[in-house]
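Novice: how does the following fold in three dimensions:
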Amino acid sequence: MSKKQTQERRDFLKTMLAASTAPMWVSASTLGLGGAVAANDRVALGFIAFGSRANQLYGDFAEHPQSQFVAAADVDAARRWDFVKKVGEGTPTFNDYRHILDRNDIDAVIIATPDHWHAYAIIDAANAGKDIYCEKPLTLTIDEGKECIKAVRRAHRVFQVGSQQRSADQFRRACELVRNGYIGKLKQIDTYIGDGPTGGMDPNVGVPPGLDWDRWLGQAPYMPYRVTRCHYEFRWWYAYSGGKLTDWGAHHNDIAQWGNGTEDSGPISVEGTATFPEPGGYDTALTFDIRYEYKDAAPVICHSAGENGILFTGEDGEIFVNRSEIRVPDGLKDVELKADDTRLYKSDNHQGNFLECVKTREDCVCTCEIGHRSVTVCHLGNMAIRLGRKIHWDPDNEVVVGDEEAAFWTSRIQREPYLLPKAGRYSSYARKY
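Specialist: As a prediction, this is how the structure comes out:
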């Protein structure tokens, strides 16, 4: 970066920091796509966080003419700058996402914060009357998921979890073949999600200009700033996420539950083995094999090692599926489902499905309840390997059975004043955490 560019960025950050607490009001009808779609047919969107994943989602939503980008919030002024560069000079941005929720020109929000902020933004957004698209994994803890469901259903909000594999034909096809018995009785499901990384040993340093580090940490324990604690690398710290188990596990274990017919339920026991990094850096699991037993369904085994994807093994054959392909027995390559076969929710585009449901008020392909059940599987796996013992789970009442220590880990101690909102009345940005 040249000296001139560096100075321009510094000047911009100063401006953004000064403006980040001042609401900027615009009319939704004046923004968006230049009349390509009538203003009253557009869905006015606000971004809550605008990092690397949100940049991808921006492109995904921009493919739909009814999308209209109105504002963004991020605790990092540099990320707010990225949003302005995409949408246009004068686009309002904020440090505190509740400025977005207070706007009457926004219909829905796209939540792409680190995992430990998901539930906070979900509950606040639902209470404020906004429809919600939230990246996976849904929550940091199991108990947060229960509170999110309460808030979303109480407010009658349309909700889509960003588990986009549910909108890919090969995953739906695999699950329909499995659930309709085309490979015989299902015996086992294996999910392969990759090893966790090592790292995070870099030194603590000063907080970069423009980053509200205390607010980025939120409910998590206070820690000095370290480059590898923030932004993308948050995934590998248990205080903010759950490592590979909630990163890729939230995708593949979700498809396993879909094919197993357990997306509204869950396992009855979880046990596994794992290896972990040396102390001082990343602290989520490196390698693991975790077994989930179900009452009336096939067991699921989640592995770090192996070809990335999901393997369904039945008495009469196997189906393997990942984002690149679906591999089925020769006799099933061109088979058509019968008229009386079970058909699963068909969505051809994850963002398009959300936008359509905002208009129809129907449920999306991946509701808050589905996302909660899928990430619960991942959280239970982390609990079992961290405690080093088998955990018994009651999926109907969603409680740990006979293990007080394990039950404690269905939630986390929250650092004041960042306490989880409750379903009900919305508290605006005027109330500081």
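Novice: how distant is stretch 269-285 from the center of its chain?
Specialist: Centroid separation for stretch 269-285 versus its chain: 21 Å, with CA atoms, centre = their mean, to the nearest Å.
Novice: measure that stretch end to end?
Specialist: End-to-end distance for stretch 269-285, by CA to CA, to the nearest Å: 20 Å.
Novice: contacting residues around it?
Specialist: 196-201, 228, 233, 235-238, 241-245, 286-293, 302, 304, 380-386, 389-393 (CB atoms under 8 Å, 6 or more residues apart in numbering). Where C-beta positions appear, they are placed from N, C-alpha and C, glycine not excepted.
Novice: tell me the pLDDT of the closest residue in space to N349 that isn't next to it in sequence.
Specialist: Distance criterion CB to CB, 6 or more residues apart in numbering; nearest residue to N349, sequence neighbours excluded, is S167 at 5.9 Å. What the model reports for S167 is a pLDDT of 98.
Novice: show me what contacts S167?
Specialist: 347-350, 353, 365.
Novice: how about stretch 145-156 as CSV, C-alpha atoms only?
Specialist: Included here for stretch 145-156 are C-alpha records, laid out as CSV according to Å, rounded to 0.1, in the frame of the first residue of the first chain:
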residue,chain,number,x,y,z
GLY,A,145,-30.2,-21.9,20.7
LYS,A,146,-33.2,-22.4,22.8
GLU,A,147,-33.5,-18.7,23.5
CYS,A,148,-33.1,-17.9,19.8
ILE,A,149,-36.0,-20.1,18.9
LYS,A,150,-38.2,-18.5,21.6
ALA,A,151,-37.4,-15.0,20.2
VAL,A,152,-37.8,-15.9,16.6
ARG,A,153,-41.2,-17.7,17.0
ARG,A,154,-42.6,-15.2,19.5
ALA,A,155,-41.9,-12.4,16.9
HIS,A,156,-43.1,-14.5,13.9
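Novice: going forward can the numbers begin at 8, since that is how I track them
Specialist: All right, first residue 8 from here; so that's stretch 152-163.
Novice: just the mean pLDDT for stretch 253-261, thanks.
Specialist: Mean pLDDT, computed over stretch 253-261, is 98.
Novice: same thing with stretch 183-198?
Specialist: 98.
Novice: buried residues, that stretch. List them.
Specialist: Across stretch 183-198, burial judged by 16 or more other CB atoms under 10 Å covers 183-187, 189-190, 193, 196-198.
Novice: from one end of that stretch to the other, what's the distance?
Specialist: 17 Å.
Novice: with stretch 273-288 instead?
Specialist: 32 Å.
Novice: give the contact list for D81.
Specialist: Per CB under 8 Å, 6+ apart, neighbours of D81: 54, 56-58, 87, 90, 100, 102.
Novice: and with 6 Å instead?
Specialist: 56-57, 87 (CB atoms under 6 Å, 6 or more residues apart in numbering).
Novice: and it, how far from W124?
Specialist: 11 Å (CB to CB, to the nearest Å).
Novice: same deal with D410?
Specialist: The value you get for D410 to W124, if CB to CB is used, is 29 Å.
Novice: who has more neighbours, these two?
Specialist: Neighbours of D410 and W124, each counted by other CB atoms under 10 Å, are more numerous for W124; the result is 25 against 16.
Novice: is that one in a helix, a strand, or coil?
Specialist: helix (DSSP: H, G, I helix; E, B strand; the rest coil).
Novice: once you drop chain neighbours, what's closest to it?
Specialist: Nearest to W124 is G225, by CB to CB, 6+ apart, at 5.6 Å.
Novice: might one say that that neighbour is in contact with Y425?
Specialist: Yes: using CB atoms under 6 Å, G225 is in contact with Y425, at 4.5 Å.
Novice: check which helix or strand R86 maps to.
Specialist: helix 84-94 (DSSP states H and E).
Novice: list the buried residues in that helix.
Specialist: 84-91, 93-94.
Novice: same question, stretch 127-146
Specialist: For stretch 127-146, burial by neighbour count (16+ other CB under 10 Å) applies to 127-135, 137-146.
Novice: for P215, see how far away the residue nearest to the spatial centre of the chain is.
Specialist: With distances taken as CA atoms, centre = their mean, K143 lies nearest the centre of the chain, 1.5 Å away. Using CB to CB, one obtains 27 Å as the distance from K143 to P215.
Novice: likewise G203?
Specialist: For G203, the distance to P215 (CB to CB) stands at 26 Å.
Novice: who has more neighbours, these two?
Specialist: G203 (26 against 14).
Novice: mind listing what the more buried one touches?
Specialist: Here G203 is in contact with 250-251, 291-293 (CB under 6 Å, 6+ apart).
Novice: ok, now with 7 Å
Specialist: Contact analysis of G203 by CB atoms under 7 Å, 6 or more residues apart in numbering lists 243, 250-251, 291-293.
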